[in-house]
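Q: this one's sequence-less:
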């Protein structure tokens with residue numbers, strides 16, 4: 001598997017983003033989805049990567065640097081294709097994203113996920129993420145769980 005940067009004009013990126021959207025829309029009301037769009041890829045505050053093989057992009061994730069009252073990075077679009085789950089790929093993507101955040105001196109990592117994504121929540125907890133309140137443009141919502149992880153600088 002090859003580590004690649006996600007670009008908006010790559011057909012494999014377009015396909016995996018469609019897969020993610022279908023999954024999220026099957027689990028939660030569309031109104032709660034606040035996904036990173038294809039058009040946002042390539043912006044200087046976004047680091048987006050994927051693991052690619054002959055089947056296309058089989059795992060991906062992104063970190064978006066936010067400059068709020070406290071600067072933080074937000075994890076977005078963490079996804080592994082169903083036939084590749086259980087192989088540690090989401091952990092590998094998360095480790096790469098967290099390493100990037102450390103290199104960029106981003107002191108805090110935040111994410112929003114949903115209560116139906118039990119395996120994702122377990123991964124985040126295992127990586128040291130703790131529950132937190134809404135951040136950025138998010139509001140309190142029963143379909144959202146918010147988590148954060150402070151990085152030691």
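A: Happy to help now that I have it. Owing to the predicted nature of the structure, the values given are computational and were not obtained by experimental measurement.
Q: Quick check: the gap between the residue located most distally from the centre of the chain and residue 12.
A: Taking CA atoms, centre = their mean, the residue of the chain most remote from its mean C-alpha position is residue 54, at 22.7 Å. The gap separating residue 54 from residue 12 is 11 Å, by CB to CB, to the nearest Å. All C-beta spots, glycine's among them, are computed from the backbone N, C-alpha and C.
Q: Then residue 120?
A: For residue 120, the distance to residue 12 equals 22 Å [CB to CB].
Q: List the buried residues for the lowest-mean-pLDDT helix or strand in the chain?
A: Among the helices and strands of the chain, helix 11-27 carries the lowest confidence by mean pLDDT, DSSP states H and E, at a mean of 86. Within helix 11-27, the residues that count as buried by 16 or more other CB atoms under 10 Å are 12, 13, 16, 17, 19, 20, 24.
Q: out of the residues you listed, who's nearest residue 88?
A: Proximity of the buried residues of helix 11-27 to residue 88 (CB to CB) peaks at residue 16, which lies at 18.1 Å.
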